[in-house]
Structures are given as C-alpha cells and as structure tokens.
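A.B. asks: could you work out the structure for the sequence below:
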Amino acid sequence: MIEAGCSLNRRVQSLELFKEIISTYQRHGWELKRVLIKPATRSDLNEQAVGLISQASLIDAEFDALWFARPSNAGREAWELRLLADHPYALFAAFEADETEEEREEARLEMEHQMREEAQESEPPAVAGG
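C.D. replies: Alright, predicted model coming up:
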C-alpha cells in the first residue's frame, strides 16, 4: 500500500516537473521538439501530460529529458537538452545556418550520450532488498 502511494507521488512530482520545465522554456521562446522518455515514465503519463508534449516526438531512452529549440543570432538555431530532474542540468548547442541536418543530428546524439552519462551518475544507488 505504501509502495503504491509512493509511486503515485512520484508520478505527480514528475508531471509537475514536466509542466514547470516546459512552461519556463516556453516563456523564453523555446519550443519543445522531442521528449526522451524511459518506458516506466511513458507508462505513467496521463492525458494531461500527453497534452503538454503532444507536439513533440516521443523517443524511448534510458533517462527522461526534453529537447527544446529556438532561433538564435545570425540565422543560427539553438537547441537545449534539459534533464528531467530536480537539479537543473542542461546541454546547449547553437547550429550555424549552413550546417546540414545530418551534422546537427550527430551533435544532438553526442549531447544525448553526455546526458545519459550525467543521468546515470545522478541516480541514487539501488537499495539492497528493497
């Protein structure tokens, strides 16, 4: 019974964190493009959460993170990958107008790799027997 309550509490906290992060980025002109999401988090999403991320691509991942993009100076495009965690952690890249989509995607995949490493380091250690 306590475990079910903890699970519900985590879902509510995750939804609130999703909403808070998305709202903050949107206030600063960012657009949600992609959602990297763990299978467990995906199964916990309710209709309200799905509405928040409906315009973005959902991508299965080993960690939860949000990809945002917006126009930047001199025709560049800025992308930021924000880890979905209580402690703010994000990676940023600005792409030149003449960079190909393949070059941009390669850079984004490298950022996802870096984020995966950060997410693994920030996870609490597993508790034996529980």
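A.B. asks: check contacts around the residue nearest in space to the middle of the chain.
C.D. replies: By C-alpha atoms, centre = their mean, the chain has its centre lying nearest to Ala65, at 1.7 Å. Residues near Ala65 by C-beta atoms under 8 Å, 6 or more residues apart in numbering: Val35, Leu36, Leu81, Arg82, Leu83, Leu84, Glu112, Met115, Ala119. For glycine as for every other residue, the C-beta is placed from the backbone atoms N, C-alpha and C.
A.B. asks: need the pLDDT of it.
C.D. replies: Per-residue confidence (pLDDT) for Ala65: 94.
A.B. asks: what does Ala49 give?
C.D. replies: pLDDT at Ala49 comes out at 65.
A.B. asks: excluding its backbone neighbours, what's nearest Gly29?
C.D. replies: Leaving aside its sequence neighbours, Gly29 sits nearest to Arg70 (C-beta to C-beta, 6 or more residues apart in numbering; 4.9 Å).
A.B. asks: the helix or strand that contains Ile59 pairs with which strands, parallel or anti?
C.D. replies: Following DSSP states H and E, one finds Ile59 within strand 57-60. When pairing is defined by DSSP bridges, strand 57-60 lines up against strand 31-37 (parallel).
A.B. asks: next SSE downstream of the strand it pairs with?
C.D. replies: Next element after strand 31-37 (DSSP H and E): helix 39-44.
A.B. asks: packing partners of that following helix?
C.D. replies: When contacts are defined as 3 or more C-beta pairs under 8 Å, 6 or more residues apart in numbering; DSSP states H and E, helix 39-44 sits against helix 2-27, strand 57-60.
A.B. asks: what sits up against the helix or strand Ala119 falls within?
C.D. replies: Taking DSSP H and E as the criterion, Ala119 maps to helix 101-122. In this structure, residues lying in contact with helix 101-122 by C-beta under 8 Å, 6+ apart are 36, 61-63, 65, 67, 77, 79, 81, 83, 85, 87, 89, 91, 93, 95.
A.B. asks: okay, buried residues for that helix please.
C.D. replies: In terms of neighbour count (16 or more other C-beta atoms under 10 Å), helix 101-122 has its buried residues at Arg104, Arg108, Met111, Glu112, Met115, Arg116, Glu118, Ala119.
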